[in-house]
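J.: curious how this folds, go ahead:
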Amino acid sequence: MSRCLALTLAELKRHPLPPVEAADKDVHGRLLVIAGSSQTPGSAVMAATAALRAGCGKVSIATVEPMAPHIAMAVPEALLIALPMGRDGGISRVAADQVADYAAEYDAVVAWPGMKQGKPCSLLARRLLEAGLERLALDAAMLYALPAHDGPARSAPMPVLLPHDREMAALIGCDEEEVERSPLSCGRRCAERYGALVLAKGAQSHIVMPDGRAWKYEGGGPGLGVSGSGDTLAGILGGLLARGADPLTALLWAVWLHGEAGAKLAKKVGRIGFLAREISAEVPALLEKTQPSF
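T.: The predicted structure follows:
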């Protein structure tokens with residue numbers, strides 16, 4: 001098994017992001033964020049905002065219809081796609097079919113920050129995996145749907161999975177304590193089972209390829225353990241994918257940018273107590289400092 005590399009700025013220079021050379025938003029990528037529910041509309045806001053902060057040119061948010069006007073006011077830069085809502089406050093089964101049809105129009109898709117588990121989630125997971133999307137990131141409720149669709153996942157172009165410990169346990173059929181003890185080993189099992197690029201989140205984050213190659217990020221700090229932090233990370237990743245970064249490059253940079261943004265906020269605000277919505281505001285300066293062409 002290959003060793004686990006340290007995710008440092010020096011390592012990132014081996015995985016450069018696409019240069020930004022034009023002022024036209026159409027060349028900076030189009031991202032579809034499928035997110036939010038009646039209980040958690042803020043997830044869509046944080047993910048979309050983070051994608052824009054990462055340099056994405058156009059962001060569309062697909063969310064439940066009653067929340068769409070409120071999210072539109074919070075992220076006026078985004079296009080809103082209002083979807084029928086089910087009785088549980090998440091999208092309906094009909095909506096899952098609708099939004100899957102939209103996905104092919106975008107350069108990248110991030111699916112399910114803040115959305116509800118259930119049959120529509122499972123249907124959408126299968127539809128997205130079968131759509132042949134080159135840049136697809138799955139988070140939160142989508143991850144609980146994947147064990148029933150591991151075959152389509154392996155047949156798809158390499159999706160990106162963003163599980164925390166409980167989600168990882170569900171993905172590979174183990175208990176959460178095992179994930180806490182052996183995050184890298186569990187990440188490798190997950191990546192192999194689904195043919196996916198996997199981020200095993202934690203105090204130390206591990207990025208794992210299906211072939212076992214892995215990277216470990218040890219920065220960030222305890223302040224990143226706050227509600228909405230994962231939504232922001234998913235948005236940064238989506239923005240970089242939409243800009244044209246390959247999945248591995250986008251995930252490596254997203255983890256580093258998210259962690260370094262947390263470290264900057266720890267110095268400004270305190271080691272804990274900053275808000276997830278503040279993280280993405282630190283990203284443009286980090287990109288400017290590390291990417292001369294950004």
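
J.: distance of A103 from V110?
T.: 11 Å (CB to CB, to the nearest Å). Placement of C-beta: from N, CA and C, glycine included.

J.: looking at those two, which is more packed in?
T.: A direct count of neighbours by other CB atoms under 10 Å for A103 and V110 places V110 higher, at 33 against 20.

J.: SS state for the closest residue to the more buried one other than its chain neighbours?
T.: Among residues not flanking V110 along the chain, G238 sits closest, at 3.8 Å (CB to CB, 6 or more residues apart in numbering). Secondary structure, DSSP: H, G, I helix; E, B strand; the rest coil: G238 is helix.

J.: spit out the contact partners of G238.
T.: 31, 33, 47, 50-51, 54, 56, 108-110, 137 (CB atoms under 8 Å, 6 or more residues apart in numbering).

J.: rerun at 10 Å
T.: The neighbours of G238, taking CB atoms under 10 Å, 6 or more residues apart in numbering as the test, are 29, 31-33, 35, 47-48, 50-51, 54, 56, 59, 106-111, 113, 135-137, 139, 160, 250, 254.

J.: which one is H70 nearest to, not counting chain neighbours?
T.: P41 (6.1 Å).

J.: is it true that Q204 touches Y217?
T.: Yes. Counting by CB atoms under 10 Å, Q204 does reach Y217; the two are 7.0 Å apart.

J.: tell me, what's touching those two both at once?
T.: Contacts common to Q204 and Y217, judged by CB under 10 Å, 6+ apart, are L7.

J.: these two: which is more packed in?
T.: Y217 (21 against 15).

J.: centre-most residue in this structure?
T.: The chain has A234 as the residue nearest its centroid, 2.4 Å off, counting by CA atoms, centre = their mean.

J.: endpoints of stretch 11-18, how far apart?
T.: 16 Å (CA to CA, to the nearest Å).

J.: what residues does it touch?
T.: In contact with stretch 11-18 (CB under 10 Å, 6+ apart) are residues 5, 7, 27-29, 54-55, 215, 217, 240, 243-246, 248-253, 255-257, 287, 290-291, 293-294.

J.: just for the stretch 51-200 of the chain, where's the confidence low?
T.: For the stretch 51-200 of the chain, the stretches with pLDDT under 70 are 113-115.

J.: helices of that one, start to end?
T.: Assigned by DSSP state H, counting those that start in this stretch, the stretch 51-200 of the chain shows helices spanning 68-74, 93-102, 119-130, 141-145, 150-155, 165-172, 176-181, 183-194.

J.: in the second one, what's buried?
T.: Think helix 93-102. 95-96, 99-100 (16 or more other CB atoms under 10 Å).

J.: quick one: list the elements packing against the lengthiest strand in the chain.
T.: With secondary structure taken from DSSP state E, the chain has its longest strand at strand 58-64. Packing partners of strand 58-64 (3 or more CB pairs under 10 Å, 6 or more residues apart in numbering; DSSP states H and E): strand 30-34, helix 42-53, helix 68-74, strand 79-83, helix 93-102, strand 108-111, helix 229-242.

J.: in terms of secondary structure, what does the shortest one contact?
T.: For strand 108-111, the elements it packs on are strand 30-34, helix 42-53, strand 58-64, helix 93-102, helix 119-130, strand 136-138, helix 141-145, helix 229-242, judged by 3+ CB pairs under 10 Å, 6+ apart.

J.: mind doing that once more with 7 Å?
T.: The contact analysis (3 or more CB pairs under 7 Å, 6 or more residues apart in numbering; DSSP states H and E) places strand 108-111 against strand 30-34, helix 119-130, strand 136-138, helix 229-242.

J.: follow-up on the earlier one: JSON lines for the helices and strands packed on strand 58-64, including distance to G118?
T.: Formatted as JSON lines, the helices and strands packed on strand 58-64 follow (distance: least, CB to CB, whole Å):
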{"stretch": "strand 30-34", "distance to G118": "14"}
{"stretch": "helix 42-53", "distance to G118": "16"}
{"stretch": "helix 68-74", "distance to G118": "20"}
{"stretch": "strand 79-83", "distance to G118": "14"}
{"stretch": "helix 93-102", "distance to G118": "9"}
{"stretch": "strand 108-111", "distance to G118": "14"}
{"stretch": "helix 229-242", "distance to G118": "19"}
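
J.: picking that back up, strands paired with the longest strand of the chain, and their directions?
T.: strand 30-34 (parallel), strand 79-83 (parallel) (DSSP bridges).

J.: who touches it?
T.: Strand 58-64 has contacts (CB atoms under 7 Å, 6 or more residues apart in numbering) with 25, 30-38, 41, 44, 48, 51-52, 71, 75, 77-81, 83, 85, 90-91, 99, 102.

J.: hang on, the earlier thing: of all the helices and strands packed on strand 58-64, which lies closest to A276?
T.: Closest to A276 of these is helix 229-242 (CB to CB; 4.7 Å).

J.: sweet, I'm off.
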